[in-house]
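K.L.:
Model the structure of this input:
(chains A and B)
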There are 2 protein chains.
Amino acid sequence: MNESPLIERLIKALQCLPGVGPRSGQRMAFHLLERGREDGKRLASVLTEAMERIGHCSQCRTFSEQELCSVCANPRRDHKLLCVVESPADLMAIEQGTGYRGRYFVLMGNLSPLDGIGPEELGMELLARRLREERPEEVVIATSATVEGEATAHYLGGLIREQALKATRIAHGVPLGGELEYVDSGTLAHAFSGRQILAE
Amino acid sequence: MNESPLIERLIKALQCLPGVGPRSGQRMAFHLLERGREDGKRLASVLTEAMERIGHCSQCRTFSEQELCSVCANPRRDHKLLCVVESPADLMAIEQGTGYRGRYFVLMGNLSPLDGIGPEELGMELLARRLREERPEEVVIATSATVEGEATAHYLGGLIREQALKATRIAHGVPLGGELEYVDSGTLAHAFSGRQILAE
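P.N.:
Predicted coordinates for the structure are as follows:
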């Protein structure tokens, strides 16, 4: 092989990124070496800083390098609404795609007893304490529509009922632009049983 | 926005990689933060080292952190063959895909007068000196079959003829598995005029 060991190590190290294999790793390495050395150095320094300094918000558990993330620290967010999501990516999707102005709780996963992920790993105690102390008017459960997401939603429902609070679940049904013909039967069944009154 | 500034900076910095946009940058950042902090730190350190230490082989101009790359430093490579390529990636493709055991010269680009890339930028003087001193039996011109690659090949042909050396050009034609019907007409014309005798 003709590459210098350091290039090989760089190509290999780039493959820790999701979706990057030997081929794209090589393309990235050559791109940076040929015309992005400054970018590459900046990436390395931001990466080091991020890996070391980013922790979790003490209130909602999303990623944050501060004690409180910017949503929790924002006094203008609606304290009466709390939305429970699986991950920081889901939180960002809701921030970007909806007009939701309440606050969040990020589970950082789903219940998965086989993988040893129980209520403690998801911070359910912290959530229960927030529910007790903040008593939000509505808790929106926005876990995924997967088996694990539903199991987690079920558990959350119980937790919220215990505190005599209102829990809601985001709607499941046919996605916008989805043609009925091509929607899977589970989704269709959900959409059908969750039908809403237009006129009566 | 809910992200911490450092996460935003990380997502942005990742976009210096080719093929990475806001969406995939976010996915990479969350992946590293959630379950690849050690990988992320390792990537950062290899990246810093590579950006600082990798230069060019003094003989063939490919990337190398040593004075000589591993091909040039290898005494078992055939000194009678020299292959001229555009980029380190092309060099690697030839190393991996062919049985070529000679040495290389890497132009690090193509002639492109409009972009200010002339013979000097491509190290043509260094190449001319090598041709004079090493007098290889054959110089294989393996630039791309693009307009720029052909122009560069033409220039190289002149340079090699000046020294009364033998120059060859890699074959252009129908790629393996290529159906004639779907091959573009330029390639087909090339393949036709470059036809070889099977029997006569």
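K.L.:
how close does residue A:184 get to residue A:28?
P.N.:
From residue A:184 across to residue A:28, the span is 36 Å (Cβ to Cβ, to the nearest Å). Bear in mind the C-beta positions are built from the backbone N, C-alpha and C, glycine included.
K.L.:
With neighbour numbers in mind, choose between these two.
P.N.:
residue A:28 (23 against 9; other Cβ atoms under 10 Å in any protein chain shown).
K.L.:
From the chain's centroid, how far away is stretch A:138-153?
P.N.:
12 Å (Cα atoms, centre = their mean, to the nearest Å).
K.L.:
Now the residue nearest the centre of chain A, what are its backbone angles?
P.N.:
The centroid of chain A falls nearest to residue A:87 when counting by Cα atoms, centre = their mean (2.0 Å). Backbone torsions for residue A:87, taken as degrees, to the nearest 10, come to phi -150, psi 160.
K.L.:
Name all residues that make contact with it.
P.N.:
Applying Cβ atoms under 8 Å, 6 or more residues apart in numbering or on different chains to residue A:87 gives the contacts A:106, A:107, A:108, A:109, B:30, B:34.
K.L.:
contacting residues around the one helix or strand the last one maps to?
P.N.:
This points to residue B:34. Assigning secondary structure by DSSP states H and E places residue B:34 in helix B:22-35. With contact meaning Cβ under 8 Å, 6+ apart, helix B:22-35 is reached by A:16-19, A:47, A:50-51, A:54, A:63, A:87-89, A:92, A:108, B:7, B:10-12, B:14-15, B:20, B:39-40.
K.L.:
among those residues, which ones are buried?
P.N.:
Among these, the ones that count as buried by 16 or more other Cβ atoms under 10 Å in any protein chain shown are A:16-17, A:47, A:50-51, A:54, A:63, A:87-89, A:92, A:108, B:7, B:10-11, B:14-15, B:20, B:39-40.
K.L.:
how about the helices in chain A?
P.N.:
Taking DSSP state H, the helices of chain A run over residues A:5-14, A:22-35, A:37-53, A:88-97, A:124-134, A:147-162, A:185-193.
K.L.:
Any chance of those helices in JSON lines with mean pLDDT as columns?
P.N.:
As requested, the helices of chain A are exported to JSON lines (pLDDT from 0 to 100):
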{"stretch": "helix A:5-14", "mean pLDDT": "93"}
{"stretch": "helix A:22-35", "mean pLDDT": "94"}
{"stretch": "helix A:37-53", "mean pLDDT": "95"}
{"stretch": "helix A:88-97", "mean pLDDT": "91"}
{"stretch": "helix A:124-134", "mean pLDDT": "95"}
{"stretch": "helix A:147-162", "mean pLDDT": "93"}
{"stretch": "helix A:185-193", "mean pLDDT": "84"}
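K.L.:
Out of those helices, flag the one nearest residue B:159.
P.N.:
helix A:22-35 (23.6 Å; Cβ to Cβ).
K.L.:
Domain ranges for chain A, per the record?
P.N.:
A:5-53, A:63-169 (automatic domain parsing).
K.L.:
and residue A:81, how many neighbours?
P.N.:
17.
K.L.:
And residue A:13, by the same measure?
P.N.:
Neighbours of residue A:13 (other Cβ under 10 Å): 22.
K.L.:
ok, now residue A:74?
P.N.:
Neighbours around residue A:74, by other Cβ under 10 Å: 12.
K.L.:
cool, and residue A:37?
P.N.:
Neighbour tally, residue A:37, other Cβ under 10 Å: 14.
K.L.:
got it, and residue A:65?
P.N.:
17.
K.L.:
touching chain B at all, stretch A:144-154?
P.N.:
No: figure legend: stretch A:144-154 not in contact with chain B (Cβ under 8 Å from any Cβ of the partner chain); closest approach 15.1 Å.
K.L.:
Can you list the buried residues in that stretch?
P.N.:
For stretch A:144-154, by 16+ other Cβ under 10 Å, it's A:144, A:148, A:149, A:150, A:152, A:153.
K.L.:
shouldn't the last one be in contact with residue A:145?
P.N.:
To tie it back to what came earlier, the one meant is residue A:153. No: in this structure, residue A:153 is not within contact of residue A:145 by Cβ atoms under 8 Å, at 9.0 Å.
K.L.:
What's the PyMOL line that selects buried ones from the contacts of residue A:87?
P.N.:
Buried residues within the contacts of residue A:87, by 16+ other Cβ under 10 Å, are selected in PyMOL with:
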select buried, (chain A and resi 106+107+108+109) or (chain B and resi 30)
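K.L.:
Could you export the contacts of residue A:87 as JSON lines, including distance to residue A:125?
P.N.:
Shown next, in JSON lines, are these (distance: Cβ to Cβ, whole Å):
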{"residue": "A:106", "distance to residue A:125": "15"}
{"residue": "A:107", "distance to residue A:125": "12"}
{"residue": "A:108", "distance to residue A:125": "14"}
{"residue": "A:109", "distance to residue A:125": "15"}
{"residue": "B:30", "distance to residue A:125": "24"}
{"residue": "B:34", "distance to residue A:125": "21"}
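K.L.:
Show me which pair in the contacts of residue A:87 is furthest apart.
P.N.:
A:107 and B:30 (14.1 Å).
K.L.:
Can I get the domains of chain A in JSON lines including distance to residue B:140?
P.N.:
Below are the domains of chain A laid out as JSON lines (distance: least, Cβ to Cβ, whole Å):
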{"stretch": "domain A:5-53", "distance to residue B:140": "21"}
{"stretch": "domain A:63-169", "distance to residue B:140": "49"}
